[in-house]
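1. Show me how the following folds:
(one chain, ligands or ions: 1)
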Amino acid sequence: MHILSMMLAMKHTVICLMETSTFHLGYPRKDTCSTCDELVLKIQYAELKAAEGSGEDQQQYKEEHQNLVTEHDLHKRRAEIFYTTSESSSKAI
Ligand SMILES: [Zn+2]
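-> Down below sits the predicted model:
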């Protein structure tokens, strides 16, 4: 059964949608979290640029890449915290 992992994936998407709708009111609703989409795209771009760049440029993109990865991590963690605090004491996972 993959119900648990399905629920976890849904949970993240739902919370992300709630989170992003408060920050980006008026954005069209999508199936995926727009913040995640945007960050993943930026991460991929920085990764690409870091790979093809050289010298200072490369260093800059590497730093940017690291920052974006951290930002995405924080975003996902915020969603987790939001969920756990609103659900208070169900820590079965
Ligand atoms: Zn998200």
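2. Tell me which stretches of this structure form helices.
-> With helices called from DSSP state H, the chain shows them at 3-23, 34-52, 55-86.
3. Isn't residue 58 up against residue 50?
-> Yes - contact criterion C-beta atoms under 8 Å: residue 58 and residue 50 qualify, at 5.6 Å. In short, each C-beta sits where N, CA and C put it, glycine included.
4. So for those two, which residue has more residues nearby?
-> residue 50 (19 against 14; other C-beta atoms under 10 Å).
5. doesn't residue 56 make contact with that one?
-> No - between residue 50 and residue 56 there is no contact under C-beta under 8 Å: 11.8 Å.
6. Any stretches of the chain with poor pLDDT?
-> 1-8, 10-32, 87-93 (pLDDT under 70).
7. make it 90
-> Low-confidence segments of the chain (pLDDT under 90): 1-34, 53-55, 78-93.
8. how close does the closest residue to residue 43 other than its chain neighbours sit to residue 44?
-> Nearest residue to residue 43 in three dimensions, chain neighbours excluded: residue 68, at 4.7 Å (C-beta to C-beta, 6 or more residues apart in numbering). According to C-beta to C-beta, to the nearest Å, residue 68 stands 9 Å off from residue 44.
9. likewise residue 74?
-> 18 Å.
10. With residue 70 instead?
-> For residue 70, the distance to residue 44 - C-beta to C-beta - is 16 Å.
11. for residue 78, same thing?
-> On the measure of C-beta to C-beta, residue 78 and residue 44 end up 22 Å apart.
12. go on, residue 66?
-> 14 Å.
13. related to what we said a few turns ago, neighbour count: residue 68 and residue 44, which is higher?
-> residue 68 (20 against 12).
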